[in-house]
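In: Sequence and predicted structure are below.
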Amino acid sequence: MRVIVVGGGVVGTMHAWQAVQRGHEVVQIEREAEARGASLRNFGQIWVSGRAGGEELDTALRARELWESIGAEVPGLGFRAIGSLTPVRGEREYAVAEAALTRPDAAARGYRLVTAEEARRINPALRGEFDAALWCERDAAVEPRTAQPHLRAALTATGRYTFLPGREVREVVGTGAVRDDHGDVHRGDVVVLATGAWLSGLVRELAPELPVRRVRLQMMQTAPLGESLTTSVADADSFRYYPAYKSEALDALNAEQAQAPVAAAHKMQLLMVQRLDGGLTIGDTHEYEHPFAFDTLEDPYEHLVGVVESFLGRPLPKIRRRWAGVYAQCTDTIRVVHRQQVADGVWLVTGPGGRGMTCSPAIAETTANELGW
């Protein structure tokens, strides 16, 4: 079988990986010289802890297994089974963490409520004041800025993979066939459009009523911390954002303990992970209303700095990079992904939202199984 993958981000690359692993030939087409969207502009977290139960959690857990096995084959991914800690302060935040332990799938997530002292043994960099922390053993991380090049190098080494950058696919010209902006036609048994947040052009022509929205976020990265941050770190605002934490205790938290005004205005949570170079990737905000702003705002960054320093108990290293990114999210946020046949032999796979990095290996595996690769 010959598979044409359109899109060089992590979802597209994982579809290429699945096809090559199953013995097929793949041509992957990317409109930029390198993928430049959400696949590079994220935390690199394999984030199981906050996922909704059912299909979403099953997908995340399967993806976590796949990431680990792929990481063993491709060391350049920088896969680390580091887990995560969410420090909590006060009775209301503690109650939400405690309620999470009563979920029937708590053990599958690796949930454990630890004291502040235990949390500091797990992650000695957390020297600030907090009362306890929710530990999730199943969370992990990879290096988002380097993952795709390393995956492509491994794919190329098989002899069954070709990467064509700098080409925008403009039209479908037959069953399993597309034409790019160089005028070249690429024919296969199936085409997978994994174009991320690029929902205009060909995607709009093929699926004008797409149930997917775009979400913009702001993030930043620091100079090296000078010590190991041995886990990912979130704050209690993540309880308000992730569906796994829905409970009466969360309702009480929302009713009785308001978010900081800046965090509420920008729909914020803290997520933080250390890169292999020692720097910290920190975020994030959420913006849903179009048109998106073209600039970044300082107030959210200042808020995040304050939260991080309160957990670390020390000044944050110099901020070296700030950026915004956009990802595609199903409007029905319970759906893991939008997968649709849009023409003969052509399938669109988009809309995983902030789950794309986490879930992409399992999303691609499901596509391959459903299409009979």
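Out: Cool, got the structure. Computed from a predicted structure; not experimentally measured.

In: distance between the ends of stretch 157-174?
Out: 30 Å (CA to CA, to the nearest Å).

In: Make 788 the starting number, not 1.
Out: Taking 788 as the first residue, the last one we looked at is stretch 944-961.

In: thinking in terms of the whole chain, how far from its middle is that stretch?
Out: 24 Å (CA atoms, centre = their mean, to the nearest Å).

In: Could you pull out the buried residues of it?
Out: 947-948, 950-951, 954-956, 959 (16 or more other CB atoms under 10 Å). Every C-beta, even on glycine, is put in place using the N, C-alpha and C of the backbone.

In: In CSV: these, plus pLDDT, distance to residue 1045 and secondary structure.
Out: CSV is the format used below for the buried residues of stretch 944-961 (pLDDT from 0 to 100; distance: CB to CB, whole Å; DSSP: H, G, I helix; E, B strand; the rest coil):
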residue, pLDDT, distance to residue 1045, secondary structure
947, 98, 55, coil
948, 98, 51, strand
950, 98, 49, strand
951, 98, 51, strand
954, 97, 49, coil
955, 97, 46, coil
956, 97, 47, strand
959, 98, 50, strand
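
In: any idea which of these is closest to residue 868?
Out: residue 948 (27.5 Å; CB to CB).

In: can you pull up the bridge partners for that closest one?
Out: residue 813 (DSSP bridges).

In: now residue 928
Out: With DSSP bridges as the rule, residue 928 is bridged to residue 832, residue 867.

In: which regions of the protein lie under the pLDDT threshold?
Out: By pLDDT under 70, the chain contains no weakly predicted segment.

In: Can you show me the helices along it?
Out: 797-808, 842-860, 877-887, 893-896, 903-909, 931-943, 989-993, 1024-1028, 1035-1043, 1048-1052, 1085-1099, 1143-1157 (DSSP state H).

In: got a list of contacts for stretch 1039-1046?
Out: 877, 879-880, 882-883, 1023-1024, 1026-1027, 1051, 1055 (CB atoms under 8 Å, 6 or more residues apart in numbering).

In: Over to stretch 841-857?
Out: Residues contacting stretch 841-857 (CB under 8 Å, 6+ apart): 804, 833-835, 838, 864, 866, 868, 892, 895-896, 925, 927, 929, 938, 1030-1031, 1121, 1123, 1142, 1145-1150, 1152-1153.

In: of those, buried ones?
Out: 804, 833-835, 838, 864, 866, 892, 896, 925, 927, 929, 938, 1031, 1123, 1142, 1145-1150, 1152-1153.

In: Farthest-apart pair in the contacts of stretch 1039-1046, please.
Out: 882 and 1055, at 21.4 Å, using CB to CB across those.

In: So these two - more neighbours on which side?
Out: Neighbours were counted for residue 882 and for residue 1055 using other CB atoms under 10 Å; residue 1055 has more, 27 against 17.

In: Pick the most buried one from the helices of the chain.
Out: helix 797-808 (a mean of 27; mean count of other CB atoms under 10 Å).

In: elements contacting it?
Out: Counting contacts by 3 or more CB pairs under 8 Å, 6 or more residues apart in numbering; DSSP states H and E, helix 797-808 is packed against strand 789-793, strand 812-817, helix 931-943, strand 1133-1137, helix 1143-1157.

In: of all these, which lies closest to residue 918?
Out: helix 1143-1157 (28.2 Å).

In: Tell me how far the residue lying closest to residue 801 once chain neighbours are set aside lies from residue 1113.
Out: Computed as CB to CB, 6 or more residues apart in numbering, the closest residue to residue 801 that is not its neighbour in sequence is residue 1151, at 3.8 Å. To residue 1113, residue 1151 is 21 Å away according to CB to CB, to the nearest Å.
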